[in-house]
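*Asks:* prediction below, plus the sequence it came from.
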Amino acid sequence: MKRRGAAAAGEEREKDAKKQKLLQELGESQLPYLMPKDDGFHQLWKTKYSKLVLKNAGEIPQEVHTAVEEAFLTLLKCGCFFQDLVRIKGKDFVTPVSRILIGNPGCTYKYLNTRLFTVPWPVESYEINYSRPEISRACKALIKLNEYLHRETVQALQQQNLAETKEIEDWAVMDRHQDYATSITEMGSTLRDQSPFRLLKNDCADLKERTSYNLTLLNYMDPQEMSSLKREPYFGMGKMAVSWHHDENLVERSTVAVYSYSCEESATDNLEEDAPKGRDPAVWHVGLKVAWDIKTPGLAIPLRQGDCYFMLDDLNMTHQHCVLAGRQPRFSSTHRVAEVEFEWLRQFWFQGKRYRKCTDWWDEPIAALEEFWRQMELMTSLLLSEIRKEEHTEGQRNERIRCLLSLIMERQKLREEWLTRCHSQLAESLPEDEKPECRPYWQQDDPNMLLPFNLEDVIIELENLLKTVEC
């Protein structure tokens, strides 16, 4: 846990340093970006952003659009979208975008130090009770969308692989005519080794692992309800709904598939117009750039109602993307292959009681996890009792004290952090059923608990024991 936390903090500092360096290099100037109307747009897409694939709404079956639109509107009507309380650089923020995570039972997804838990979509061999029948229908529509996007992703990756193979063959033929010293066979082998898609030909298991989406993060935002939105800082692309980022905590080189649904233009127009030379501020766009690169122009791609885009293979690692706000409300369903991780209990209760609006599925797993936690507390207490005895050799006792002290100090640090987050001003301002709950938590004199919640006295005792042993 400590190593993971330190690594995450280090990555955050590194990203911040890169951002500051990029802004310093830019000074008052802005980087160029291209849109479909610009000369060179398609060539730039082909050469620098080839792993981004756009599927226009007209290419997608109408029954998919109809079912997904109904699912979005149902979940919004049922109050299933929530703004998340996230932490960036040690400060808490409420996201401008409202979200809900839907996916395989038991899956979670963590972003910006906040873990979301899936509202399960219907999966064979799982019994799932939904609070309302229309929520059940919405989840069924989204798993069908998930299956459709999986098929489309596999097809897109296979087409990319064929294109890569043809390019290798073309280079090899050209090589032969130019009579280079390297043989065609050697060159072909070298290029295949360098190809990012070389594994896809021979390793179906790898392809399945990186395209089998286990959840979707649904997003909703109405820009006209936002008092202010940040402006894109590098290219002058206008107002952003989501800043530049890589999607976090995903299986390496897995694809991210996004279904975008923007509502009809509202009659009310409260947003100021952006400069006419830039992108149309009424239309939602996805922005892309090569990560931490000031030489390659960016892309701003308009998203019409029902469009899909796919960030294939390692694009999410080598590039960054942002969402540029339009004028009308927009939903999106972002399908991912998320990793299974630790740190669940406090994260679950940090979400308040929001999940019970949709389902009671998590009640049993969380109760079981809390029982395991109680057993961990019991074992910690027993180990502490053993250390207090003087029946061991000096070396054994010293080693046990050091080991336990490190764990107790980390536990105390995390408890203090979560207690602060759960009672922050922002947390207290949330609706009652969304307010974070600091749990597990107990008073210091609780007779049912073997150890205190505040472990400072235990830490002092262990430090003193360690000093005694070392003396």
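*Replies:* That came through, no problem.
*Asks:* how about residue 23, secondary structure?
*Replies:* Of the three states, residue 23 takes helix under DSSP: H, G, I helix; E, B strand; the rest coil.
*Asks:* quick thing: my sequence starts at 57, can you match it?
*Replies:* Sure, I'll start numbering at 57, so the last one becomes residue 79.
*Asks:* I'd like the distance between it and residue 298.
*Replies:* 19 Å (Cβ to Cβ, to the nearest Å). Every residue, glycine included, has its C-beta placed from N, CA and C.
*Asks:* how about low-confidence regions in the stretch 407-527 of the chain?
*Replies:* The stretch 407-527 of the chain contains residues with pLDDT under 70 at 448, 525-527.
*Asks:* okay, residue 79 and residue 298: which has more neighbours?
*Replies:* Set side by side, residue 79 and residue 298 show more neighbours around residue 298, with 19 against 12, by other Cβ atoms under 10 Å.
*Asks:* test my guess that that one contacts residue 167.
*Replies:* No. Residue 298 sits out of contact with residue 167 when judged by Cβ atoms under 8 Å, with a separation of 10.7 Å.
*Asks:* what pLDDT is listed against residue 332?
*Replies:* In the prediction, the pLDDT value recorded for residue 332 is 44.
*Asks:* same question, residue 99
*Replies:* pLDDT for residue 99: 97.
*Asks:* what about it, how many residues nearby?
*Replies:* Around residue 99 there are 10 other residues, counting by other Cβ under 10 Å.
*Asks:* ok, residue 379 next?
*Replies:* Neighbours around residue 379, by other Cβ under 10 Å: 24.
*Asks:* now do the one 10 residues further on
*Replies:* Summarising burial for residue 389: neighbours were counted as other Cβ under 10 Å, giving 23.
*Asks:* against residue 197, how distant is it?
*Replies:* 10 Å.
*Asks:* go on, residue 171?
*Replies:* From residue 171 over to residue 197 (counting by Cβ to Cβ), the distance is 25 Å.
*Asks:* more neighbours, these two?
*Replies:* Neighbour count, other Cβ under 10 Å: between residue 171 and residue 197, residue 197 has more, with 23 against 20.
*Asks:* just list what the strand or helix carrying the more buried one packs against, helices and strands only.
*Replies:* Per DSSP states H and E, residue 197 falls inside helix 189-234. Applying 3 or more Cβ pairs under 8 Å, 6 or more residues apart in numbering; DSSP states H and E, one finds that helix 189-234 contacts helix 118-133, strand 175-176, helix 240-250, helix 254-258, strand 271-277, strand 312-318, strand 364-367, strand 386-392.
*Asks:* out of the ones you listed, deepest packed?
*Replies:* Mean neighbours per residue, mean count of other Cβ atoms under 10 Å, is largest over the helices and strands packed on helix 189-234 for strand 175-176, with a mean of 26.
*Asks:* from the contact counts, what lies against it?
*Replies:* So strand 175-176, by 3+ Cβ pairs under 8 Å, 6+ apart, packs with strand 147-159, helix 189-234.
*Asks:* list the contacts of that strand.
*Replies:* 136, 156-162, 182, 184, 191, 195, 411, 414-415, 417 (Cβ atoms under 8 Å, 6 or more residues apart in numbering).
*Asks:* show me where the stretch 307-456 of the chain has helices.
*Replies:* Here the stretch 307-456 of the chain has its helices, by DSSP state H, counting those that start in this stretch, at 371-374, 401-406, 419-444, 450-478.
*Asks:* before we move on, back to that, kindly reformat the helices and strands packed on strand 175-176 as TSV containing mean pLDDT and distance to residue 396.
*Replies:* TSV is the format used below for the helices and strands packed on strand 175-176 (pLDDT from 0 to 100; distance: least, Cβ to Cβ, whole Å):
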stretch	mean pLDDT	distance to residue 396
strand 147-159	96	12
helix 189-234	84	18
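*Asks:* closest one to residue 277 among those?
*Replies:* Closest approach to residue 277 among these (Cβ to Cβ): strand 147-159, 4.7 Å.
*Asks:* and the helix holding residue 197, how far out from the chain middle?
*Replies:* 22 Å (Cα atoms, centre = their mean, to the nearest Å).
*Asks:* how about stretch 397-416?
*Replies:* Taking the mean of its C-alpha atoms, stretch 397-416 sits 16 Å from the chain's own mean (Cα atoms, centre = their mean).
*Asks:* what about residue 505, how many residues nearby?
*Replies:* 16.
*Asks:* tell me which element it falls in.
*Replies:* Residue 505 belongs to no helix or strand, assigned by DSSP H and E.
*Asks:* if we can go back for a sec, out of the helices and strands packed on strand 175-176, nearest to residue 433?
*Replies:* Among the helices and strands packed on strand 175-176, strand 147-159 comes nearest to residue 433, with 27.7 Å by Cβ to Cβ.
*Asks:* tilt between that closest one and helix 118-133?
*Replies:* Counting by axes from the mean of the first three to the mean of the last three Cα atoms, to 10 degrees, strand 147-159 lies at 130 degrees to helix 118-133.
*Asks:* list the buried ones in the next helix or strand after strand 147-159?
*Replies:* Using DSSP H and E, the next helix or strand after strand 147-159 towards the C-terminus is strand 164-167. For strand 164-167, burial by neighbour count (16 or more other Cβ atoms under 10 Å) applies to 164-167.
*Asks:* which other helices and strands contact strand 164-167?
*Replies:* strand 147-159, strand 170-173.
*Asks:* quick one: contacts of it?
*Replies:* With Cβ under 8 Å, 6+ apart, strand 164-167 has contacts from 142, 157, 159, 171-174, 271, 273, 303-305, 392, 394, 396-397, 399-400, 403.
*Asks:* can I get the buried part of those residues as one PyMOL selection?
*Replies:* Buried subset of these, written as a PyMOL selection, criterion 16+ other Cβ under 10 Å:
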select buried, resi 157+159+171+172+173+174+271+273+303+304+392+394+400+403
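*Asks:* now do the same contact list for residue 342.
*Replies:* 314, 316, 356-357, 359, 365, 377-380.
*Asks:* these: which two are farthest apart?
*Replies:* 314 and 356 (15.3 Å).
*Asks:* in terms of helices and strands, where is the residue nearest to residue 499 when sequence neighbours are not counted?
*Replies:* Nearest non-adjacent residue to residue 499, counting by Cβ to Cβ, 6 or more residues apart in numbering: residue 509, 7.4 Å away. Assigned by DSSP H and E, residue 509 belongs to no helix or strand.
*Asks:* show the contacting residues for residue 509.
*Replies:* By Cβ under 8 Å, 6+ apart, residue 509 lies in contact with 471, 497-500.
*Asks:* try it again with 7 Å
*Replies:* Residues in contact with residue 509, defined by Cβ atoms under 7 Å, 6 or more residues apart in numbering, are 471, 497-498, 500.
*Asks:* are any of those residues buried, and which?
*Replies:* residue 471.
*Asks:* in helices only, show me the contacts of residue 509.
*Replies:* residue 471 (DSSP state H).
*Asks:* what stretches of the stretch 257-406 of the chain score poorly on pLDDT?
*Replies:* Ranges of the stretch 257-406 of the chain meeting pLDDT under 70: 257-259, 321-333.
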